[in-house]
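Enquirer: Build the 3D model from these lines:
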Amino acid sequence: MQKLVEVRRRTATVRSIRSIASTMATVASAKLSRTRERAAGMRLYAERMRRVVRRQQAAAARDGIDLSALSPFLTPHPQVRRILLLHIAGDRGMCGGYNSAVDRVAHGFIRARSDAGLEVRVFAKGLKGEKFLRRRSTAEVIGAAPWLRAGVTPEEVDALFDRLSSAFLTGEADEVWCTYTRFFSPLRTYPTLVRLLPLTFDPGAADAGSGDGADGSPLAWFYEPDLPSILAGLLGIFLRLQIEDVLLESYASEQGARMITMKEATERADRSLQELAVAYNRLRRELITTDLLGVLFASSLREDEERAEFAERLGAG
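Expert: From the prediction side, this is the model:
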(Lines give C-alpha, C1' and ligand atoms only; values in the text may rest on other atoms or scores of the structure.)
Protein backbone atom coordinates (compact mmCIF):
# COMPACT_ATOMS: atom_id res chain seq x y z
CA MET A 1 0.00 0.00 0.00
CA GLN A 2 2.89 2.36 0.78
CA LYS A 3 4.28 1.89 -2.72
CA LEU A 4 0.91 2.81 -4.25
CA VAL A 5 0.84 6.03 -2.22
CA GLU A 6 4.35 6.91 -3.41
CA VAL A 7 3.40 6.27 -7.06
CA ARG A 8 0.32 8.45 -6.67
CA ARG A 9 2.42 11.27 -5.21
CA ARG A 10 4.96 11.00 -7.98
CA THR A 11 2.18 10.99 -10.56
CA ALA A 12 0.66 14.14 -9.09
CA THR A 13 4.08 15.83 -9.05
CA VAL A 14 4.90 14.90 -12.63
CA ARG A 15 1.43 15.98 -13.77
CA SER A 16 1.97 19.38 -12.11
CA ILE A 17 5.39 19.72 -13.75
CA ARG A 18 3.90 18.81 -17.11
CA SER A 19 1.21 21.45 -16.73
CA ILE A 20 3.79 24.13 -15.91
CA ALA A 21 6.11 23.11 -18.74
CA SER A 22 3.27 23.01 -21.26
CA THR A 23 2.08 26.46 -20.18
CA MET A 24 5.58 27.91 -20.41
CA ALA A 25 6.05 26.41 -23.87
CA THR A 26 2.77 27.98 -25.03
CA VAL A 27 3.67 31.39 -23.60
CA ALA A 28 7.17 31.27 -25.12
CA SER A 29 5.70 30.27 -28.49
CA ALA A 30 3.32 33.25 -28.41
CA LYS A 31 6.12 35.66 -27.49
CA LEU A 32 8.35 34.20 -30.18
CA SER A 33 5.70 34.57 -32.88
CA ARG A 34 5.35 38.26 -32.01
CA THR A 35 9.09 38.91 -31.83
CA ARG A 36 10.53 36.93 -34.72
CA GLU A 37 8.74 39.04 -37.34
CA ARG A 38 10.01 42.23 -35.70
CA ALA A 39 13.53 40.78 -35.54
CA ALA A 40 13.49 39.77 -39.22
CA GLY A 41 12.14 43.15 -40.28
CA MET A 42 14.66 45.01 -38.13
CA ARG A 43 17.53 42.98 -39.57
CA LEU A 44 16.44 43.87 -43.11
CA TYR A 45 15.91 47.52 -42.17
CA ALA A 46 19.37 47.74 -40.57
CA GLU A 47 20.96 46.23 -43.67
CA ARG A 48 19.20 48.75 -45.90
CA MET A 49 20.34 51.57 -43.62
CA ARG A 50 23.89 50.20 -43.79
CA ARG A 51 23.71 50.37 -47.59
CA VAL A 52 22.59 53.99 -47.46
CA VAL A 53 25.48 54.99 -45.22
CA ARG A 54 27.96 53.03 -47.34
CA ARG A 55 26.83 54.86 -50.46
CA GLN A 56 27.17 58.21 -48.73
CA GLN A 57 30.62 57.21 -47.55
CA ALA A 58 31.61 56.19 -51.07
CA ALA A 59 30.18 59.41 -52.54
CA ALA A 60 32.00 61.51 -49.95
CA ALA A 61 35.23 59.62 -50.58
CA ARG A 62 34.98 60.47 -54.30
CA ASP A 63 34.73 64.13 -53.28
CA GLY A 64 37.73 63.80 -50.99
CA ILE A 65 35.70 64.08 -47.76
CA ASP A 66 36.69 61.95 -44.76
CA LEU A 67 33.47 60.89 -43.04
CA SER A 68 35.31 59.91 -39.87
CA ALA A 69 36.06 63.59 -39.32
CA LEU A 70 32.39 64.54 -39.73
CA SER A 71 30.77 62.35 -37.07
CA PRO A 72 32.08 61.35 -33.62
CA PHE A 73 30.33 57.97 -34.03
CA LEU A 74 32.79 57.17 -36.83
CA THR A 75 35.90 58.58 -35.16
CA PRO A 76 38.04 56.00 -33.30
CA HIS A 77 39.61 57.17 -30.07
CA PRO A 78 43.38 57.69 -30.32
CA GLN A 79 44.09 55.05 -27.71
CA VAL A 80 41.82 52.22 -26.59
CA ARG A 81 42.09 51.75 -22.84
CA ARG A 82 38.50 51.42 -21.60
CA ILE A 83 35.85 49.13 -23.08
CA LEU A 84 32.15 49.04 -22.31
CA LEU A 85 30.42 45.71 -22.96
CA LEU A 86 26.67 45.37 -23.34
CA HIS A 87 25.97 41.78 -22.32
CA ILE A 88 22.50 40.47 -23.21
CA ALA A 89 21.20 37.31 -21.54
CA GLY A 90 17.93 36.25 -19.91
CA ASP A 91 16.26 36.88 -16.57
CA ARG A 92 15.35 33.25 -15.98
CA GLY A 93 16.59 29.78 -16.74
CA MET A 94 14.62 26.85 -18.15
CA CYS A 95 15.77 27.72 -21.67
CA GLY A 96 18.42 25.10 -22.31
CA GLY A 97 21.94 26.36 -22.91
CA TYR A 98 20.89 29.84 -24.05
CA ASN A 99 22.31 31.75 -21.08
CA SER A 100 25.45 29.67 -20.61
CA ALA A 101 26.41 29.94 -24.31
CA VAL A 102 26.34 33.74 -24.47
CA ASP A 103 27.89 33.97 -20.99
CA ARG A 104 30.90 32.00 -22.23
CA VAL A 105 31.35 34.40 -25.14
CA ALA A 106 31.27 37.40 -22.80
CA HIS A 107 33.64 35.75 -20.34
CA GLY A 108 36.13 34.92 -23.09
CA PHE A 109 35.99 38.48 -24.45
CA ILE A 110 36.54 40.00 -21.00
CA ARG A 111 39.42 37.68 -20.22
CA ALA A 112 41.14 38.38 -23.54
CA ARG A 113 40.82 42.16 -23.18
CA SER A 114 41.87 42.07 -19.54
CA ASP A 115 44.96 40.01 -20.41
CA ALA A 116 45.79 42.71 -22.96
CA GLY A 117 45.79 45.31 -20.18
CA LEU A 118 42.46 46.94 -21.05
CA GLU A 119 39.79 47.95 -18.56
CA VAL A 120 36.45 46.28 -19.27
CA ARG A 121 33.19 47.44 -17.71
CA VAL A 122 29.88 45.69 -18.30
CA PHE A 123 26.26 46.73 -18.51
CA ALA A 124 24.14 43.58 -18.22
CA LYS A 125 20.74 43.22 -19.83
CA GLY A 126 19.19 40.25 -18.09
CA LEU A 127 19.60 39.18 -14.47
CA LYS A 128 21.14 35.80 -15.31
CA GLY A 129 23.98 37.46 -17.21
CA GLU A 130 24.56 39.92 -14.36
CA LYS A 131 24.72 37.11 -11.81
CA PHE A 132 27.17 35.12 -13.93
CA LEU A 133 29.53 38.07 -14.52
CA ARG A 134 29.53 39.15 -10.88
CA ARG A 135 30.40 35.60 -9.84
CA ARG A 136 32.83 34.52 -12.56
CA SER A 137 34.27 37.64 -14.19
CA THR A 138 36.82 40.24 -13.09
CA ALA A 139 35.05 43.00 -15.03
CA GLU A 140 33.12 45.67 -13.16
CA VAL A 141 29.37 45.46 -13.66
CA ILE A 142 28.29 49.11 -13.73
CA GLY A 143 24.59 48.43 -14.19
CA ALA A 144 21.92 45.88 -14.99
CA ALA A 145 18.37 45.93 -16.28
CA PRO A 146 15.77 43.15 -16.27
CA TRP A 147 13.55 42.30 -19.21
CA LEU A 148 10.16 43.93 -19.26
CA ARG A 149 7.00 41.85 -19.55
CA ALA A 150 6.30 43.52 -22.91
CA GLY A 151 9.69 42.46 -24.29
CA VAL A 152 11.62 45.05 -26.30
CA THR A 153 10.08 48.51 -26.02
CA PRO A 154 11.04 51.80 -27.74
CA GLU A 155 11.64 53.44 -24.35
CA GLU A 156 14.15 50.75 -23.42
CA VAL A 157 15.95 51.09 -26.75
CA ASP A 158 16.17 54.86 -26.31
CA ALA A 159 17.54 54.48 -22.79
CA LEU A 160 20.26 52.08 -23.94
CA PHE A 161 21.08 54.29 -26.92
CA ASP A 162 21.55 57.32 -24.65
CA ARG A 163 23.68 55.36 -22.19
CA LEU A 164 25.99 53.75 -24.75
CA SER A 165 26.41 56.79 -27.00
CA SER A 166 27.02 59.05 -24.00
CA ALA A 167 29.70 56.68 -22.66
CA PHE A 168 31.49 56.74 -26.02
CA LEU A 169 31.16 60.47 -26.72
CA THR A 170 32.26 61.55 -23.24
CA GLY A 171 35.31 59.29 -23.23
CA GLU A 172 33.99 56.98 -20.52
CA ALA A 173 34.52 54.16 -23.00
CA ASP A 174 36.85 54.07 -26.00
CA GLU A 175 34.94 51.22 -27.59
CA VAL A 176 31.48 49.74 -27.06
CA TRP A 177 30.95 46.04 -27.72
CA CYS A 178 27.95 43.76 -27.38
CA THR A 179 27.53 40.05 -26.74
CA TYR A 180 24.12 38.73 -27.77
CA THR A 181 22.49 35.71 -29.41
CA ARG A 182 21.73 35.89 -33.11
CA PHE A 183 18.42 34.28 -34.06
CA PHE A 184 17.76 32.25 -37.20
CA SER A 185 15.24 29.70 -35.95
CA PRO A 186 14.30 28.15 -32.60
CA LEU A 187 16.87 25.43 -33.30
CA ARG A 188 19.53 27.74 -34.82
CA THR A 189 20.84 30.48 -32.57
CA TYR A 190 24.43 31.70 -32.38
CA PRO A 191 26.11 33.62 -29.53
CA THR A 192 27.71 36.61 -31.23
CA LEU A 193 30.19 39.36 -30.41
CA VAL A 194 29.84 42.66 -32.28
CA ARG A 195 31.34 46.13 -31.92
CA LEU A 196 28.75 48.89 -31.70
CA LEU A 197 31.03 51.93 -31.43
CA PRO A 198 32.86 53.37 -33.22
CA LEU A 199 30.73 52.52 -36.23
CA THR A 200 32.53 51.00 -39.19
CA PHE A 201 31.35 50.66 -42.79
CA ASP A 202 33.30 48.99 -45.55
CA PRO A 203 33.23 51.32 -48.55
CA GLY A 204 34.67 48.52 -50.66
CA ALA A 205 31.61 46.35 -50.21
CA ALA A 206 29.91 45.15 -53.35
CA ASP A 207 26.96 47.47 -53.01
CA ALA A 208 28.79 50.44 -51.49
CA GLY A 209 30.11 52.23 -54.51
CA SER A 210 27.97 50.69 -57.20
CA GLY A 211 26.73 53.02 -59.88
CA ASP A 212 23.28 54.41 -59.33
CA GLY A 213 22.83 56.14 -62.67
CA ALA A 214 21.06 54.68 -65.67
CA ASP A 215 24.41 54.00 -67.37
CA GLY A 216 26.04 52.67 -64.19
CA SER A 217 27.89 55.89 -63.44
CA PRO A 218 27.89 57.32 -59.88
CA LEU A 219 25.18 59.78 -59.04
CA ALA A 220 26.00 63.28 -57.85
CA TRP A 221 24.60 63.79 -54.36
CA PHE A 222 23.22 67.12 -53.15
CA TYR A 223 22.66 67.57 -49.44
CA GLU A 224 20.20 69.87 -47.68
CA PRO A 225 21.02 71.34 -45.25
CA ASP A 226 24.53 69.79 -45.31
CA LEU A 227 26.35 66.47 -45.22
CA PRO A 228 27.44 66.56 -41.52
CA SER A 229 23.88 67.20 -40.32
CA ILE A 230 22.40 64.45 -42.49
CA LEU A 231 25.18 62.05 -41.59
CA ALA A 232 24.76 62.69 -37.86
CA GLY A 233 21.06 61.89 -38.16
CA LEU A 234 21.67 58.76 -40.22
CA LEU A 235 24.34 57.41 -37.90
CA GLY A 236 22.24 58.07 -34.82
CA ILE A 237 19.33 56.21 -36.40
CA PHE A 238 21.63 53.38 -37.46
CA LEU A 239 23.10 52.97 -33.98
CA ARG A 240 19.63 52.89 -32.48
CA LEU A 241 18.62 50.27 -35.06
CA GLN A 242 21.62 48.15 -34.12
CA ILE A 243 20.70 48.29 -30.43
CA GLU A 244 17.08 47.37 -31.16
CA ASP A 245 18.25 44.60 -33.48
CA VAL A 246 20.49 42.91 -30.87
CA LEU A 247 17.72 43.16 -28.27
CA LEU A 248 15.11 41.64 -30.57
CA GLU A 249 17.44 38.88 -31.73
CA SER A 250 18.34 37.99 -28.14
CA TYR A 251 14.72 38.06 -26.97
CA ALA A 252 13.61 35.86 -29.87
CA SER A 253 16.49 33.45 -29.21
CA GLU A 254 15.56 33.17 -25.54
CA GLN A 255 11.89 32.52 -26.26
CA GLY A 256 12.76 29.98 -28.95
CA ALA A 257 15.15 28.15 -26.62
CA ARG A 258 12.57 28.15 -23.82
CA MET A 259 9.83 26.89 -26.16
CA ILE A 260 11.99 23.97 -27.35
CA THR A 261 13.18 23.13 -23.82
CA MET A 262 9.69 23.19 -22.33
CA LYS A 263 8.28 21.10 -25.18
CA GLU A 264 10.97 18.50 -24.51
CA ALA A 265 10.16 18.67 -20.78
CA THR A 266 6.47 18.13 -21.58
CA GLU A 267 7.30 15.11 -23.72
CA ARG A 268 9.51 13.64 -20.96
CA ALA A 269 6.71 14.23 -18.45
CA ASP A 270 4.28 12.40 -20.74
CA ARG A 271 6.65 9.44 -20.92
CA SER A 272 7.09 9.48 -17.13
CA LEU A 273 3.31 9.56 -16.65
CA GLN A 274 2.92 6.53 -18.92
CA GLU A 275 5.61 4.66 -16.98
CA LEU A 276 4.02 5.63 -13.67
CA ALA A 277 0.61 4.50 -14.92
CA VAL A 278 2.07 1.10 -15.87
CA ALA A 279 3.83 0.84 -12.49
CA TYR A 280 0.64 1.84 -10.67
CA ASN A 281 -1.46 -0.78 -12.51
CA ARG A 282 1.17 -3.44 -11.86
CA LEU A 283 1.22 -2.63 -8.14
CA ARG A 284 -2.59 -2.66 -8.07
CA ARG A 285 -2.63 -6.12 -9.67
CA GLU A 286 -0.04 -7.37 -7.24
CA LEU A 287 -1.99 -5.93 -4.31
CA ILE A 288 -5.27 -7.43 -5.57
CA THR A 289 -3.56 -10.78 -6.14
CA THR A 290 -2.08 -10.70 -2.65
CA ASP A 291 -5.49 -9.88 -1.14
CA LEU A 292 -7.13 -12.71 -3.09
CA LEU A 293 -4.46 -15.16 -1.97
CA GLY A 294 -5.02 -14.04 1.61
CA VAL A 295 -8.78 -14.57 1.29
CA LEU A 296 -8.29 -18.00 -0.28
CA PHE A 297 -5.78 -18.99 2.39
CA ALA A 298 -8.13 -17.87 5.17
CA SER A 299 -11.01 -19.75 3.54
CA SER A 300 -8.85 -22.87 3.26
CA LEU A 301 -7.92 -22.62 6.94
CA ARG A 302 -11.57 -22.30 7.94
CA GLU A 303 -12.46 -25.37 5.83
CA ASP A 304 -9.66 -27.38 7.47
CA GLU A 305 -10.83 -26.30 10.91
CA GLU A 306 -14.43 -27.25 10.09
CA ARG A 307 -13.33 -30.69 8.81
CA ALA A 308 -11.28 -31.29 11.92
CA GLU A 309 -14.20 -30.23 14.16
CA PHE A 310 -16.57 -32.47 12.23
CA ALA A 311 -14.18 -35.40 12.51
CA GLU A 312 -13.92 -34.90 16.29
CA ARG A 313 -17.70 -34.91 16.61
CA LEU A 314 -17.95 -38.15 14.63
CA GLY A 315 -15.31 -39.81 16.80
CA ALA A 316 -17.02 -38.69 19.98
CA GLY A 317 -20.35 -39.99 18.76
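
Enquirer: Okay, and Leu196 sits in which element?
Expert: strand 188-197 (DSSP states H and E).

Enquirer: now the residue lying closest to Leu248 once chain neighbours are set aside: how far from Val157?
Expert: Leaving aside its sequence neighbours, Leu248 sits nearest to Ala39 (CB to CB, 6 or more residues apart in numbering; 4.0 Å). The C-beta positions use only the backbone N, C-alpha and C, and glycine is treated the same way. Ala39 sits 13 Å away from Val157, going by CB to CB, to the nearest Å.

Enquirer: which one of the two has more residues nearby?
Expert: When Ala39 and Val157 are compared for neighbours, Ala39 comes out ahead with 24 against 17, by other CB atoms under 10 Å.

Enquirer: one step back: just the residues contacting the strand holding Leu196, thanks.
Expert: Contact with strand 188-197 is made by 73, 86, 98, 101-102, 104-105, 109, 164-165, 168, 173, 175-184, 239, 242-243, 246, 253, 256-257, as judged by CB atoms under 8 Å, 6 or more residues apart in numbering.

Enquirer: Same question for stretch 152-165.
Expert: Contacts of stretch 152-165 (CB under 8 Å, 6+ apart): 35, 38, 73, 84, 86, 123, 125, 143, 145, 148, 176, 196-197, 236, 239-240, 243-244, 247-248, 251.

Enquirer: let's go with 7 Å and repeat that
Expert: With contact meaning CB atoms under 7 Å, 6 or more residues apart in numbering, stretch 152-165 is reached by 84, 86, 123, 148, 176, 196-197, 239-240, 243-244, 247-248, 251.

Enquirer: Wait, Leu273 touches Ser16, no?
Expert: No: if you go by CB atoms under 7 Å, Leu273 and Ser16 don't touch, sitting 11.1 Å apart.

Enquirer: Could you check which of the two has the larger neighbour count?
Expert: Per other CB under 10 Å, whichever of Leu273 and Ser16 has more neighbours is Leu273, with 16 against 11.

Enquirer: which SS state does the spatially most central residue of the chain fall under?
Expert: Per CA atoms, centre = their mean, the C-alpha nearest to the average position across the chain is that of Glu254, at 2.5 Å. Here Glu254 is recorded as helix under DSSP: H, G, I helix; E, B strand; the rest coil.

Enquirer: Three-state assignment for Gly93, please.
Expert: Gly93 - assigned by three-state DSSP - is coil.

Enquirer: For it, which residues are in contact?
Expert: Asn99, Lys128.

Enquirer: Give me the distance between it and Arg307.
Expert: Between Gly93 and Arg307 the distance is 71 Å, computed by CB to CB.

Enquirer: ok, now Ala21?
Expert: Counting by CB to CB, the gap from Ala21 to Arg307 is 62 Å.

Enquirer: Tell me which of these two has more neighbours.
Expert: A side-by-side neighbour count of Ala21 and Arg307, using other CB under 10 Å, places Ala21 first with 20 against 10.

Enquirer: from what I can see that one touches Ala269, true?
Expert: Yes: counting by CB under 7 Å, Ala21 touches Ala269, with 6.3 Å between them.

Enquirer: Once you drop chain neighbours, what's closest to Ser166?
Expert: Spatial nearest neighbour of Ser166, chain neighbours left out: Glu172 (7.5 Å); criterion: CB to CB, 6+ apart.

Enquirer: helix, strand or coil for that neighbour?
Expert: Assignment for Glu172 (three-state DSSP): coil.

Enquirer: what's it sitting at in phi/psi?
Expert: phi -60, psi -30 (degrees, to the nearest 10).

Enquirer: Which pLDDT value belongs to it?
Expert: Turning to Glu172, the model gives it a pLDDT of 92.

Enquirer: again with the one 3 residues further on
Expert: Glu175 carries a pLDDT value of 95.

Enquirer: List the contacts of it.
Expert: Val80, Ile83, Arg195, Leu197.

Enquirer: please redo it, this time with the cut-off set to 6 Å
Expert: Listed by CB atoms under 6 Å, 6 or more residues apart in numbering, the contact partners of Glu175 are Val80, Ile83.

Enquirer: what pairs with it across the strands?
Expert: Taking DSSP bridges as the rule, Glu175 bridges to Ile83.

Enquirer: what's the average pLDDT for stretch 24-34?
Expert: 89.

Enquirer: picking up where we left off before, wait, doesn't the residue nearest to Leu248 sit right on Ser250?
Expert: No: with contact defined as CB atoms under 6 Å, Ala39 does not reach Ser250; the gap is 9.2 Å.

Enquirer: mind showing which ranges of the stretch 101-250 of the chain have poor pLDDT?
Expert: 202-219 (pLDDT under 70).

Enquirer: Quick check: can you list the domain ranges of the protein?
Expert: As given by automatic domain parsing, the domain ranges for the chain are 2-17+268-316, 22-265.
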